[in-house]
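> Dropping a prediction and its sequence here:
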Amino acid sequence: MATGSTQPLMVSATAALAASTSSANVALAGTGEAVLVYNGASAVAFIRFGMDASVVATSADMPIPPGGRMLIHAGEFSKTVAAILSNGTGTLYFSRGQGTVY
């Protein structure tokens, strides 16, 4: 791929995480280096990627605003993602695949 070119995201699978004010994690489904994160909660979510189920998110991690989405190059070695909400409960969705834009 030429420098500066874009490739549409091709999603291989999506994992859902029921989040709250306590850190929880979920295994990423599918394959690929990119993860499209969608915050379906009404609170700010903080996320952290890891290689196993020991990963824990804190309010110092990557924030995703309510209703927001972000495409992250998590790498092929990221196997798990953890999240915590600033308040309340809600669902976050993590769609893994290949691509640079959605």
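All right, it came through fine.

> Assign the residue nearest the centre of the chain to helix, strand or coil.
Here the mean C-alpha position of the chain is nearest to the C-alpha of Val37 (Cα atoms, centre = their mean), at a distance of 4.0 Å. Using DSSP: H, G, I helix; E, B strand; the rest coil, the structure places Val37 in strand.

> The protein: helices as residue ranges?
Assigned by DSSP state H, the chain shows no helices.

> Where does the prediction get shaky in it?
1-3 (pLDDT under 70).

> the strands in it, which residues?
10-19, 24-27, 34-39, 45-50, 62-64, 69-73, 80-85, 90-98 (DSSP state E).

> any chance of those in TSV, with distance to Gly4 too?
C-beta: built from backbone N, CA, C; applies to glycine. Formatted as TSV, these follow (distance: least, Cβ to Cβ, whole Å):
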stretch	distance to Gly4
strand 10-19	20
strand 24-27	33
strand 34-39	17
strand 45-50	26
strand 62-64	25
strand 69-73	16
strand 80-85	28
strand 90-98	18
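
> Could you identify which of those strands is most buried?
Among the strands of the chain, ranked by average contacts under mean count of other Cβ atoms under 10 Å, first place goes to strand 80-85 (a mean of 23).

> Please name every helix or strand in contact with that one.
strand 10-19, strand 24-27, strand 45-50 (3 or more Cβ pairs under 8 Å, 6 or more residues apart in numbering; DSSP states H and E).

> partners of it in the sheet?
strand 24-27 (antiparallel), strand 45-50 (antiparallel) (DSSP bridges).

> how far is the longest one from where the chain is centred?
Using Cα atoms, centre = their mean, to the nearest Å, we find the averaged C-alpha position of strand 45-50 to lie 7 Å away from the chain's own average C-alpha position.

> CA-only coordinates of that strand in CSV, if you can.
What follows is strand 45-50 as a C-alpha-only set of coordinates in CSV (Å, rounded to 0.1, in the frame of the first residue of the first chain):
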residue,chain,number,x,y,z
ALA,A,45,-15.4,4.9,28.8
PHE,A,46,-11.7,4.3,29.4
ILE,A,47,-10.1,1.4,27.6
ARG,A,48,-6.8,-0.5,27.7
PHE,A,49,-5.7,-3.4,25.4
GLY,A,50,-3.7,-6.3,26.6
